[in-house]
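Chemist: Here's my sequence, what's the structure:
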Amino acid sequence: MNRYAFSDQVSFSIVIAWSDDFEAHMDHYHVDRMNCWRDLEPDSFLSRALEQALESQNETVTCRIDPGQLVRPWDPAKQIPLSRSRFQPAAAFDTLVPGRFYPQGLITGLPGVFKGNTTPFRCLEKNARTVVADLNHPLARFPLTITLKDIAWEVQTKAERGGYCMDWISAALSGPGLQAGFSRWPECFLTPRAFERKDPERDAVFYQADRFVHHMDDQARQVLSDWYGSLLSPGGKILDLMAAWTSHLPNDLVFSEVHGLGMNAKELAANQCLTGYSVQDLNQNPVLAFPDHYFDAAVCSLSVEYLTDPVRVLAETARVVKPGGRVAISFSNRWFPEKNIRIWEDLHDFERMGLVLSWFRASGRFEQMAAHSFRGYPRPVDDRYFPQLRLADPVFGVTGIVA
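Modeler: Numbers count the residues shown, from 1 in each chain. Now for the predicted structure:
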């Protein structure tokens, strides 16, 4: 195929790689059967990139993007002071914390901004009367490397008509950037009651009930397993923190040891990935009963939002993992609402990566920190939430190398 036809469909993944002063970031957005007739504008970035892939007969094409090329260039005029009276509801002003992101719909009297607008702005400064709001796109300052990979064409004999247009690049760039820059505001997540939970009772009571349930759909679990497979080496000793009845480790990797540390003995006993397990409440006792540098790597899947002292737990994890070993934390957008810390549900999905990165930094035990996101995959048709939810659960991950 030398050129696409408007009747064709194409699936691929958009991988956005960028970095700030402290961390590397890689955000993945999967495009499933894009309609060329509706969604490819002539001479657009996406159209040019796909044509380049066709001409080279390649399933991967990489483009380097200057700051402001795909999002509006950074503009100092978009950092504006706003008085308390410009926020509705009025109480919203009191909740603003410098460094954090909030929906622009809270602001009144700005051209193009309407009530209910979820486009984020960053609170840069605040005093009793005013805040300085940054309305620039979170990626406006960053050069990007964008890769289209796993490009698969479906030749159609008849073009699909009707439907709505989708700007896939805008979708892929909506969210990335919100995880960066929090090193300038190291205290922005330490708000009063940040680590409070709706259910203050000891975790042992809540987790004594067996819960043999999945916390993500099948597609998201496969994405997570594949990500772990790209991070972990076979044959090593793995610590699975806050484990349950499944570890999300890839089936094709064999480890010499996988020790699960969790809260429910029956769930841990049913986990076929584990070679051993122990029951421990990290919120009551964060000290790990392993010698220094015992494990080659550690993972924590879909549970970090329940920790009331995550910095201490990360420091302990770094102690028992060998220098140069990787610690990987993953999460999605579902959790037990009784037990998550309050700050977690106050944040945008991508801000949560910034929160977890801040815990890695605060522990003082890691280097080469990185954040990853995976979105846009189709939800399996046999999933209980399909077709109400068409997309699989997002997967977010943060990694650090033990110093």
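Chemist: When you work out contacts or count neighbours from here on, use the C-alpha atoms and nothing else.
Modeler: Will do.
Chemist: Name the residues of stretch 329-347 that are buried.
Modeler: For stretch 329-347, a neighbour-count test (16 or more other C-alpha atoms under 10 Å) marks 329-332, 335, 339-344, 347 as buried.
Chemist: Stretch 271-280 now?
Modeler: Residues 271, 273-274, 277, 280 are the ones in stretch 271-280 that count as buried (16+ other C-alpha under 10 Å).
Chemist: What mean pLDDT does it get?
Modeler: Per-residue pLDDT over stretch 271-280 has a mean of 97.
Chemist: need the helices for the stretch 151-300 of the chain, in chain order.
Modeler: Counting by DSSP state H, counting those that start in this stretch, the stretch 151-300 of the chain has helices at residues 168-172, 203-206, 218-231, 265-269.
Chemist: now the lowest-mean-pLDDT helix or strand in the chain, how far from the chain's geometric center?
Modeler: Every helix and strand of the chain was ranked by mean pLDDT, DSSP states H and E. The lowest is helix 36-39, at a mean of 87. Put simply, helix 36-39 sits 28 Å off its chain's centre (C-alpha atoms, centre = their mean, to the nearest Å).
Chemist: Residue ranges of each domain in this structure, please.
Modeler: The chain resolves into domains spanning 9-67+142-177, 76-134, 203-402 when parsed by automatic domain parsing.
Chemist: just those domains: most buried one?
Modeler: Among the domains of the chain, domain 203-402 has the highest mean neighbour count (mean count of other C-alpha atoms under 10 Å), at a mean of 19.
Chemist: where does this protein have low pLDDT?
Modeler: Scanning the chain for pLDDT under 70 picks out 1-4, 6, 159.
Chemist: so what's residue 367 closest to, chain neighbours aside?
Modeler: Distances taken as C-alpha to C-alpha, 6 or more residues apart in numbering place residue 401 nearest to residue 367, at 5.2 Å, with adjacent residues excluded.
Chemist: can you give me the angle the helix or strand encompassing the one you found makes with helix 218-231?
Modeler: Using DSSP states H and E, residue 401 sits in strand 395-402. Angle of strand 395-402 versus helix 218-231, following axes from the mean of the first three to the mean of the last three C-alpha atoms, to 10 degrees, is 20 degrees.
Chemist: Isn't residue 401 up against residue 326?
Modeler: Yes. Between residue 401 and residue 326 there is a contact under C-alpha atoms under 8 Å: 4.6 Å.
Chemist: residues touching residue 272, list them.
Modeler: Shown in contact with residue 272 (C-alpha atoms under 8 Å, 6 or more residues apart in numbering): 245-246.
Chemist: any idea how far residue 251 is from it?
Modeler: 10 Å (C-alpha to C-alpha, to the nearest Å).
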